[in-house]
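A.B. asks: Let's see this in three dimensions:
(3 chains)
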Amino acid sequence: MKKYTFYDNVFDVVRLIPEGRVTTYGSIAKYLGMMKSARMVGWALNSTINKNLELPVHRVINRNGILTGKNHFSSPFKMKKLLEKEGVVIQNDQVINFNEVYWDPTQELL
DNA sequence: TGGGTGACCATAG
DNA sequence: ACTATGGCCACCC
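C.D. replies: Just a heads-up that it's a prediction; the model follows:
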């Protein structure tokens, strides 16, 4: 029996991100009560790459709306492509309509 | 077992 | 306005 770790909590939140919306590492960390450990959120997602978890990790970006994690995908273009497919407008690895598609777990969830 | 590490963020200078 | 830095803590050798 595996212990339910911080990583698992991160995965749960990511799973809840609606299609066509994005959120940030910091927001997830904040929602989990560890706003100063935003770094770990990214690292948690990184660990999913090797595994076959089907998580919309492409919907998680940094607070500036930049796709900082794109280099960690199988292809750097995959993240952008997936987001655009969901209606997110991206230019120069940055989400243009960030304010519109931003999904804050601390507000949307309760 | 312990130390290094990391897809970040907020603050201080 | 921009750069530097400290914090945080689960995971992996």
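A.B. asks: show me the contacts for the closest residue to DNA strand B within chain A.
C.D. replies: Residue of chain A nearest DNA strand B, by C-beta to the nearest atom of the strand: residue A:69 (1.4 Å). Any C-beta I mention is one placed from the backbone N, CA and C, and that applies to glycine too. Going by C-beta atoms under 8 Å, 6 or more residues apart in numbering, residue A:69 touches A:42, A:45, A:46, A:57, A:60, A:61, A:79.
A.B. asks: ok, and which of those reach DNA strand B?
C.D. replies: Near DNA strand B, judged by C-beta under 7 Å from any atom of the strand, the entries from these are A:42, A:45, A:46, A:57, A:60, A:79.
A.B. asks: Low-confidence stretches in chain A?
C.D. replies: A:1-3, A:110 (pLDDT under 70).
A.B. asks: now the strands for it?
C.D. replies: All strands of chain A, identified by DSSP state E, fall at A:23-24, A:60-61, A:90-91, A:94-95.
A.B. asks: Just list what the third one packs against, helices and strands only.
C.D. replies: Read it as strand A:90-91. In this structure, strand A:90-91 packs against helix A:76-85, with contacts taken as 3 or more C-beta pairs under 8 Å, 6 or more residues apart in numbering; DSSP states H and E.
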